[in-house]
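Asks: Here is my input; please provide its structure:
(4 chains)
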2 protein chains.
Amino acid sequence: MTRFEEIRSLPLFAGIGDEAFAALTRGAYVQNFPPAVDLINEGETADFLYIVASGSVELYAGWNGRETSVAFLRPYDTFILAATIKNAPYLMSARTMTKSRLIMIPSENVRSIFETDTEFARAIVSELAKCYRASVRNLKNEKLRTAVERLANYIVKHYRREGEDGHFDLPVEKRKLAARLGMTPENLSRAFSALKNHGVEVEGSRITIREPERLIAFAKPDPLIDKEETRESPRAPSGIA
Amino acid sequence: MTRFEEIRSLPLFAGIGDEAFAALTRGAYVQNFPPAVDLINEGETADFLYIVASGSVELYAGWNGRETSVAFLRPYDTFILAATIKNAPYLMSARTMTKSRLIMIPSENVRSIFETDTEFARAIVSELAKCYRASVRNLKNEKLRTAVERLANYIVKHYRREGEDGHFDLPVEKRKLAARLGMTPENLSRAFSALKNHGVEVEGSRITIREPERLIAFAKPDPLIDKEETRESPRAPSGIA
DNA sequence: GCCCCTGTTTGACAAATATCAAGCGCAAAA
DNA sequence: TTTTGCGCTTGATATTTGTCAAACAGGGGC
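Replies: Residues are numbered from 1 along each chain as shown, chains lettered A, B, ... in the order given. Predicted coordinates:
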């Protein structure tokens, strides 16, 4: 029994042995953070692999005075895995969005247990592939869709996730959502207005989908862009012999 | 000695044993393709891992009648690694750009050798991390920069790669470059014009950088967006004790 | 050498998105 | 309750990017 019991059963660790898990968490931290705390900055080198145990974390990046959000993370997402593995500088910064509990595992441990534990190696690869594919989806979303279309698909995704009873609350400030969707807050405001014509109503952070069919007809969600992937790699295609 | 001698020394295979390499290439193909041949389509499932042995390949994706280029590959890039590992559908399509020779390794082999060969596992992870990071750079480039800025940085990158003697030839059609940089051909044309004010001259596919300092001052290249990464993961930070 | 095809450029215009400034509204602090 | 602050919205406008159509240019086949 360790401080890290809560992550022991995560897909990333479920398959590995007790000694390997102990070695992995040696020198690891569990730490609580208030909202809006900077965790890492792009350009720094990767000393830890992070796991979100509770709360939420924003990955973002900047250039030439501009800034954009790349991802919103929830339990039990990991971040900075690629930089950890390559022992390379972070490409993104991270900050807490809400009060959060994070688990920090020394990069060195990740690299060395990777060598000795095949199950862990497989889990790492699967997690990495998941992150990579998420990034490709993100890129397609950005390059192939307009701002209104991105918002429409964001709403469809949450509509499906949070029960399809026709409404949900935005989990983040609108300004952050705007950055995540690659637009300005003003433009997001107008995009919400535009979606009134497609059966969406907004009141503060409460989103009501009056006519799901119309919204979906407009958004044209595509599994190759919008589907959320699990970390677990299927050993065989499900459903097909 | 096998048909696959030419890839035996690639970083991806260099560290693995002869038997493992033989097992990996069992059932593999080397195949020549003319230009503009469709290789795979997004949504299909991954039967092979591809390696570009010669020529060049375009990764692209479409949605709702639109299409965009995601990457241009050269020897000895791999593609579709993440889908191979997760046994999941491709998120991108691929076609040859020029006459190309491709090596195709059955996904099943990749997955099974991954289990038994630690060196191969490490190489796979490193390759995957490289692709992931490239995708993040791609996304930052797209979200943080205007069309003209993306073009300027593209030129700076090639200026540095192809010898800094002040000129180089575009390796692809302008229409494809436009798609890669996330704009229309017409807009690319105008972006080239705009760069005349920053020391760049264009004549057909010949790019001449008259005033590199001015171009670079405008482009503001950033290693966290524009640097090209090697697949090899450093075992320790170089230069620092 | 000439023609045709295709890719590129240019121009005029429209749509999408950003910017700047002001006003609004709600919630926390006084 | 009132005030204040901050995030959000709205309006006016500028910039960026896309669309459509036409002109242009160069290379391959005849």
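Asks: Report the mean confidence score over the longest helix anywhere in chain A.
Replies: In chain A, with assignment by DSSP state H, the single longest helix is helix A:118-144. The predicted model assigns helix A:118-144 a mean pLDDT of 96.
Asks: by how many degrees do that helix and helix B:118-144 diverge?
Replies: 20 degrees (axes from the mean of the first three to the mean of the last three C-alpha atoms, to 10 degrees).
Asks: tilt between the following helix or strand past helix A:118-144 and helix A:118-144?
Replies: Where DSSP states H and E defines the elements, the next helix or strand beyond helix A:118-144 is helix A:147-161. If you take the same axes, to 10 degrees, helix A:147-161 sits at 140 degrees to helix A:118-144.
Asks: quick check, helix A:147-161 touching DNA strand D?
Replies: No - Helix A:147-161 is not in contact with DNA strand D by C-beta under 7 Å from any atom of the strand; minimum separation 11.2 Å. (Each C-beta comes from the backbone N, C-alpha and C, glycine too.)
Asks: Tell me which residues are up against stretch A:3-18.
Replies: Residues outside stretch A:3-18 that contact it (C-beta atoms under 8 Å, 6 or more residues apart in numbering or on different chains) are A:2, A:21, A:24-25, A:28, A:30, A:51, A:53, A:76, A:78, A:103, A:113, A:117, A:119-120, A:122-124, A:126-127, A:230-232.
Asks: who's in contact with the most centrally placed residue in chain A?
Replies: The residue lying closest to the centre of chain A (C-alpha atoms, centre = their mean) is A:Leu73, at 3.6 Å. Taking C-beta under 8 Å, 6+ apart as the contact definition, A:Leu73 lies against A:52, A:56-59, A:79.
Asks: residues near the residue lying closest to it once chain neighbours are set aside, how many?
Replies: Counting by C-beta to C-beta, 6 or more residues apart in numbering or on different chains, A:Leu73 lies nearest to A:Val57, which is 4.4 Å off, once chain neighbours are set aside. A:Val57 has 23 neighbouring residues, counting by other C-beta atoms under 10 Å in any protein chain shown.
Asks: I'd assumed A:Leu39 was in contact with A:Val57.
Replies: Yes - between A:Val57 and A:Leu39 there is a contact at 7.0 Å, judged by C-beta atoms under 8 Å.
Asks: shared neighbours, the two?
Replies: Common neighbours of A:Val57 and A:Leu39 (C-beta under 8 Å, 6+ apart) are A:50, A:94-96, A:102.
Asks: show me what contacts the residue nearest to A:Leu73?
Replies: A:Val57 neighbours (C-beta under 8 Å, 6+ apart): A:39, A:50, A:72-73, A:77, A:79, A:94-97, A:100, A:102.
Asks: same thing but at 6 Å, please
Replies: A:73, A:94, A:96 (C-beta atoms under 6 Å, 6 or more residues apart in numbering or on different chains).
Asks: Spell out which parts of chain A neighbour DNA strand D.
Replies: A:173-175, A:185-186, A:188-190, A:192-193, A:202.
Asks: Which pair of the residues you listed spans the longest distance?
Replies: A:Glu173 and A:Ser193 (18.3 Å; C-beta to C-beta).
Asks: For the residue nearest to A:Leu73, give its distance to DNA strand D.
Replies: Distance, A:Val57 to DNA strand D, using C-beta to the nearest atom of the strand, to the nearest Å: 18 Å.
Asks: what about the helix-or-strand element of chain A with minimal mean pLDDT, distance to the chain center?
Replies: Every helix and strand in chain A was compared by mean pLDDT, DSSP states H and E; the lowest is helix A:5-8, with a mean of 91. Taking the mean of its C-alpha atoms, helix A:5-8 sits 20 Å from the chain's own mean (C-alpha atoms, centre = their mean, to the nearest Å).
Asks: burial of the closest residue to A:Gly166 other than its chain neighbours, as a residue count?
Replies: Distance criterion C-beta to C-beta, 6+ apart; nearest residue to A:Gly166, sequence neighbours excluded, is A:Ile209 at 5.2 Å. A:Ile209 has 23 neighbours, counted by other C-beta under 10 Å.
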